[in-house]
Each structure stands twice: as structure tokens, then as C-alpha cells.
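Participant: Please find the sequence and the predicted model below.
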Protein chains: 2
Amino acid sequence: MEKPTVGELTPPDRTLMGPGPSEVHPRVLRAMSTPLVGHLDPSFIEVMNDVQDLLRYTFRTDNKWTIPVSGTGSASMEAAIGNVVEPGDTMLVPTNGYFGGRMESMAKRAGSEVVHVDAPWGEPLDPEDVQAAFEEHDPDVFGFVHAETSTGVVQPDVSELTAIAHDHDALVIADCVTSLGGVELRVDEWGIDVAYSGPQKCLSCPPGASPLTLNDRAMDKVLSREEPARSWYLDLSLLEGYWGDERAYHHTAPITNVYALREALRLVAEEGIEARWERHREMAGALKAGVEAMGIEMNAPDDYWLPSLNAVRVPSGVTDTDVTDYLLEQYDLEIATGLGDLDGEIFRIGCMGYSARPETVSYLVSALGDALEKQGADVDVEAGLSATSSALGK
Amino acid sequence: MEKPTVGELTPPDRTLMGPGPSEVHPRVLRAMSTPLVGHLDPSFIEVMNDVQDLLRYTFRTDNKWTIPVSGTGSASMEAAIGNVVEPGDTMLVPTNGYFGGRMESMAKRAGSEVVHVDAPWGEPLDPEDVQAAFEEHDPDVFGFVHAETSTGVVQPDVSELTAIAHDHDALVIADCVTSLGGVELRVDEWGIDVAYSGPQKCLSCPPGASPLTLNDRAMDKVLSREEPARSWYLDLSLLEGYWGDERAYHHTAPITNVYALREALRLVAEEGIEARWERHREMAGALKAGVEAMGIEMNAPDDYWLPSLNAVRVPSGVTDTDVTDYLLEQYDLEIATGLGDLDGEIFRIGCMGYSARPETVSYLVSALGDALEKQGADVDVEAGLSATSSALGK
């Protein structure tokens, strides 16, 4: 076994406009290099309290049960589903994007039956379909995706959906991975029982500690389970000992990621959550104006447009990966191609957190215009630049 | 919901000599503040390859299946147990410390029967007892703890234990959380099928991405499971797509933690793994010499002494938490008290990675001597300082 020769870490300097991670604010990067204290240090308990308060502010909730889960976004997703869903339960999940499918995988592994509320990829759920699915299946838990990263669609009418679920005595789990901190989200006002997110999207924080909130009704179900959750690591009844009043050891928290999340959430509070939502709308609006003025279509209708993730139709005559490769090589700029049903049909352009600012939006529109033109698409780059520029100049 | 007022992050400057996290090397802290690239960026694939090579070097293995799991040490532990152990299997776990109990919890949640090989807290497993347990129970999987963080005991005779297991056609899972990178560990030579660890112990890296290695025999069992692992997040058959040849999206890796692990492992390779083991023995040896010369007993006999975690008996007349509180308040120095069966009876003093150096060892012996004296223990501080000093001066 030879000693590997591995040189200094010298990653390229990318502009991150994909589906995440987004650019990380310099203050958050600096927090990541803070020397550690122990995960049971009295000073770390203060940090935990700060993070919980700031998460409540950002989720718009008073839920006591608001914590960062020790893992990336899929860990908070599995913590939500794996604890709330019990063997023998029925969970209703949507078919309108990639992450509904992931909910299904996790629910099945938690021992649940899974039923569907149908909608095509790229469309939101219709409350009437949700109502019909409840009448047909009477599920115990209803999961939906607030901001679908795979389609660039935001779910409107959230309060209507949660009302249907509550009329049927079901709990609601919302995937807020690509909305928290960037798109209007009001957990308490909208009647969401459980919401989870990731830090590397609109919070512009490196992945590793992922937001989760549950109200008392959801936590009551978790704490009265007949058999324990199938994951020890993500068992909320055990995590209660660490994040609750006792502060007892469960597992070693990712201390540095919690430091970073604290700083990222401090930036949210400094800006103000409503002002942050508005900034995302404005910046992504300028991006969308540019793309549309170039002559390219957005995948989502305006009513369901998700500012944090802009799904842009691939113009005819162009191969999606040629464009993304060109942008990475020529511009050090990351955007993504489509997934699943939309593979090959869309680009996914993030406009999240610290990436949602005039510099990056201008750069994106200019680089994308060039890339599409070079690949032979019929686009009016000048019109695009002009539209973005005047939107930003407002 | 008011906006929380949370000030700048200003943690105290602790010297970390507890059971982890250990002090983080400045180069690793600097790596943590590196701007991110995407988790599917071609340059990140290179970083992943580097980390895998360096992990193989550190584990002393050629296993293809050598990855950092996206979570803290308990996540790599659950990834090991939750994938290898199938419903209906029987797993043999030890009773000689806290982490054998955690193995049991995870194995049960994975659907396994659990049987025990007995040994008191503070003693290693006896190969004869392991042999007897195999003859009685014929388990499918045998888990043991190479370096017990709760008792300060290292398991000798690892090759004997694995030979017994292999004679019975069982797989061996080794908990190497507190040994990897600090205490002699030879995964391939010793016949360990699966080993997991944490980064925040002898690797001196912030927690968040945790080493795991499986040989082909173990991975064959994982890939031929009848039903999927109960955790989607930790399912190695899915993670194969990301860390294997395909490099396809499964979940967003904790990019920054992977950067940090790369740098921490680069430091291991620069030092040389055998030299690093030797440094731990020397530094912890100086610590042990000082403690013993003061008149305090080590909990583990010399044959099973674990250099990375020194379990020191609490002298009579002293309350353990008074001492740890005093050290934290007066010296900004973290050590830990006992857990479980040894609660109140021992101090747990880490000597791991970047914390295993003359400055911290001298400081620890001096501060501990003062604390014990102030709390009324009958200790010879001067003799302790002198013994440590001469051991360090060698």
C-alpha cells in the first residue's frame, strides 16, 4: 500500500448557478474556519439555541421542535419521513417531480404504504386532485414539495392543501429544500406540520446540517410510536435528548456546519426574511426577463414560476450537456441539466441566496447567451442582455 | 415572530483533550473556508478520488469500497450495520462498553436478532468467549469495538477474533472511531470486513464526513440484499452510484467536510501512518507517565491501554464534574467524565491527532494536577510534571 501523493487543494473558482450548492457568503466561509469547541461545551449550547431561534424565524414558525439535522438535505428529509411515518401507515405523495419519488422511496423503507396524487412533471398539485386522493385513500400522512428543484415549479395554495389534509386528520410534510430563505414560506400560517430543508440552497451555507421543524401534533405522533424509527442516527425521540431541554449526548454534532448555519441564518435575519424573498424575486426576475427576451421559454408558467430555480427550455438544435460543459469550461459557471421526465429538455438555473445578486445574474445571462449562440441556437443575445440590465437597473 | 438578535460567533478558545472533537490542524481549518464547487463538478470527482485513496492508505486497505459517509461517526456506524445486517440475521455484539450497546440498537432497528459476547466495561474481549459465543449462536455478523472511547481500552488479538468469525462464515464489523489514524489498525492484514470511523478523533478533522470501508465479501452481501436497507440516505447500494464508477447524483455531498477530510488525510500521509501511531504512543505515554507519577491510576491495564483515549480513575474525595468544570472555567481545557457503567469513576482524556503534541500534553498534566489538588485530592503534582517533562524530553 503506497503512500498516495495528493497535492494542495486547488479547486477552480466557480460561479454557482445550478440547483445547489449556491455560492457561500464570505462571512459563512469564515465561520467554517472557526476553531471548534466540544459538542457538549456550554458555549455550544448557546450556539444551538441561537440556531434554533434563527431557524424558527426563517421557517416562520413557533415550533419548539426546530433543529438542524446532522447531514445534508436528504438526511432532514429522511428524519421527517422516517420518524413521522410508521409501519402500516399510508402516505400520499405527489408524482409531479423528482423529489416526490424520493419521498416515496423513504416512506416505503419506513414501512408505509404509498399512494399517489397525480400531476405531470412541471405542474403543481391541484387541490381538487388532493381532495380526491384523500377521499379515495384516507392517508395518514401527506407529503408535497413546496419548491420542486427538478421542475422549477412552486406549489401555490399551500393552505388549501393542508386544510384538506387536516380535515382528514392527516399530517402534512412539506419539502422546502429550495424555498426556505428564498421563497415565501410560512410554516405556521399555512398549517404545515413538518417542514425540512437543506442549507446549500437559498441559505447559501455549505451542506452538512439541515433544517427541520415539527409542530407538537407531529412530534406527539413521533414520541408515541409503537416501534422505534428505523434509523438510530435520525431518531427524533433520541435527538430530543440533545436538542431539547436535557442537552444530553446522542451523537457528535457537525459543530462547524452548525457554526456556518448560524452565520448564514444571521445574514437572513439581518436582511429580513420578507426582504430576502423580494430580492430573490427581483434577481430571478431579471434573469427570467433576459432569458425570455433572448427568445427562450421558461418551463413553468408564470403562476408557478419558482424564482430560486429557473427551469429554462433547451432551444431546438442544441444539446443540453454541450451548453453546460461549455459554460463550465469557458466561464467557470455551473448550471444543471434536467432530471427524470425532463432530462434533455431543460436547463436548471439556480438563483439562490448569495448567488441571487446582480453580478451573478448579469454574468449568467451573458454567458448563457454566448453558449447558446455558439451551439447554434437562434437566440437574440443583445435583447436578453438589455432586458436583464434594465430589470436590474430598476 | 420577532427577529432574533444574535451576535457575532465568538466561541471560547478551548484546548480539546476530551473524547472528541480533538483540536483541528490550522491547515484543515483553512480548507474548511475554501469556496465550494458543485458535488458533480469534474474537479470534485478528483477530490473524491483523492479522499478515497488517502482513506485506503489510512485504513491500510485495498478495498474499493472506501468512502466518507455524509454525516458524523454514528452515520458511518449505521451505514455499516444498516447495510450489512439484514432482517432475520443474527448479530453478535460486545457488552464491554458504550458503543457495543449502540451497535445493538442499530442492529435491532435493521431487523436483526442480537446476541452478546460478554466482558465487563473496561476489559477487552477474550477470544475464547468469542469462540464460545459463535458456537452457541452461530451469528451472521460479528461487531466489535477496536478502540472503546467509553473505557479507554484497545482490543488486542484482532486477527484471532476475525479468524473465529470467518471460520463460522460470518462478517466482521469493527468500530474504529477512536483508532483510525492514531492507533495501529490494519484492516486487510487483520481480516476486518467492514470498518467505520469518525473524522473528529485521531484525524483531527471537524465532524461531518465519516470514513467507512467494506471489502468485496461484505459489499456482495449488501448488493444482494432481498429488501433494501431501511435508510435511503445511508443505502450503500445507492451510494455506489455516486462514489463508484458512475458518479451519478444520489444526494448532495457535504462538500466542505470532504475538502477538510482530504486535508486532514493529507497530513496523515505526510507524517506517515506508522509514524503517526508512534507519535500517539509517545505523547499519550508522556501524559500517562505524568498522571501515574502524580499517584492517579489508569483505568485500563497497560496491555489494553488506548493511547488516543486515556481513562483515568477519579481519585477518592473528588467529584468528577467539579474537576471538569474547573478545567473548563480556569483553563479553557476540555476533558470528559465517564459514561454508563463508569459514570463518576473515570475521566476520559483524549490524546488524538493535532491534540497529541507536547504543548497540549504538558498543559493537560499541569492543569489536571492543579484541579485535582484544588479539589482536595492527594496528588503529587510536582512528580507528575517532572515525569511528563522527562518523557517529552526523550
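Facilitator: Thanks, I have the structure now.

Participant: What angle do helix B:73-84 and the helix or strand hosting A:Gly82 make with each other?
Facilitator: Assigned by DSSP states H and E, A:Gly82 belongs to helix A:73-84. Helix A:73-84 and helix B:73-84 are oriented at 70 degrees to each other (axes from the mean of the first three to the mean of the last three C-alpha atoms, to 10 degrees).

Participant: Tell me how far the residue nearest the centre of chain A lies from A:Arg109.
Facilitator: Nearest to the mean C-alpha position of chain A, by C-alpha atoms, centre = their mean, lies A:Val177 at 1.8 Å. Distance of A:Val177 to A:Arg109, computed by C-beta to C-beta, to the nearest Å: 19 Å. Where C-beta positions appear, they are placed from N, C-alpha and C, glycine not excepted.

Participant: wait, isn't the residue nearest to the centre of chain A in contact with A:Gly97?
Facilitator: No - counting by C-beta atoms under 8 Å, A:Val177 stays clear of A:Gly97, with 11.4 Å between them.

Participant: list residues touching both of the two?
Facilitator: A:Thr149 (C-beta atoms under 8 Å, 6 or more residues apart in numbering or on different chains).

Participant: Next, the contact list for the nearest residue to A:Gly97 once chain neighbours are set aside, please.
Facilitator: Spatial nearest neighbour of A:Gly97, chain neighbours left out: A:Glu148 (3.8 Å); criterion: C-beta to C-beta, 6 or more residues apart in numbering or on different chains. The contact partners of A:Glu148, by C-beta under 8 Å, 6+ apart, come to A:96-100, A:154-155, A:178, A:306, A:309.

Participant: ok, how many other residues are close to the residue nearest to A:Lys221 when sequence neighbours are not counted?
Facilitator: Nearest residue to A:Lys221, sequence neighbours excluded (C-beta to C-beta, 6+ apart): A:Val84, at 6.1 Å. A:Val84 is flanked by 28 other residues according to other C-beta atoms under 10 Å in any protein chain shown.

Participant: what's the spacing between A:Val84 and A:Thr58?
Facilitator: Following C-beta to C-beta, the distance that separates A:Val84 from A:Thr58 is 21 Å.

Participant: Same check on A:Val318?
Facilitator: Distance from A:Val318 to A:Thr58, by C-beta to C-beta: 38 Å.

Participant: So for the two, which sits in the more crowded spot?
Facilitator: Of the pair A:Val318 and A:Thr58, A:Thr58 is the one with more neighbours under other C-beta under 10 Å, namely 26 against 20.

Participant: For that one, give me its contacts.
Facilitator: A:Thr58 neighbours (C-beta under 8 Å, 6+ apart): A:180-181, A:203, A:211, A:265, A:268-269, A:273.

Participant: Throw those into TSV and include distance to chain B, neighbour count and secondary structure, thanks.
Facilitator: Shown next, in TSV, are the contacts of A:Thr58 (distance: C-beta to the nearest C-beta, whole Å; neighbours: other C-beta atoms under 10 Å in any protein chain shown; DSSP: H, G, I helix; E, B strand; the rest coil):
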residue	distance to chain B	neighbour count	secondary structure
A:Leu180	15	30	coil
A:Gly181	14	30	coil
A:Leu203	13	31	coil
A:Pro211	14	28	strand
A:Leu265	8	28	helix
A:Val268	9	24	helix
A:Ala269	5	18	helix
A:Ile273	8	21	helix
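
Participant: Tell me the one of those residues nearest B:Val51?
Facilitator: The shortest approach to B:Val51 among the contacts of A:Thr58 belongs to A:Leu203, at 25.3 Å (C-beta to C-beta).

Participant: phi, psi of that closest one?
Facilitator: phi -90, psi -10 (degrees, to the nearest 10).

Participant: quick one, what contacts it?
Facilitator: Per C-beta under 8 Å, 6+ apart, neighbours of A:Leu203: A:58, A:180-181, A:197, A:211, A:261, A:264-265, A:268, A:353.

Participant: Of the residues you listed, just say which sits nearest to B:Ser224.
Facilitator: Of those, the one sitting nearest to B:Ser224 (C-beta to C-beta) turns out to be A:Ser197, at 35.5 Å.

Participant: how many neighbours does that closest one have?
Facilitator: 31.

Participant: Same check on A:Val141?
Facilitator: A:Val141 has 27 neighbours, counted by other C-beta under 10 Å.

Participant: a strand runs through A:Ile349, doesn't it?
Facilitator: Yes - counting by DSSP: H, G, I helix; E, B strand; the rest coil, A:Ile349 is located in a strand.

Participant: measure it to A:Glu329 for me?
Facilitator: Taken as C-beta to C-beta, the span from A:Ile349 to A:Glu329 is 17 Å.
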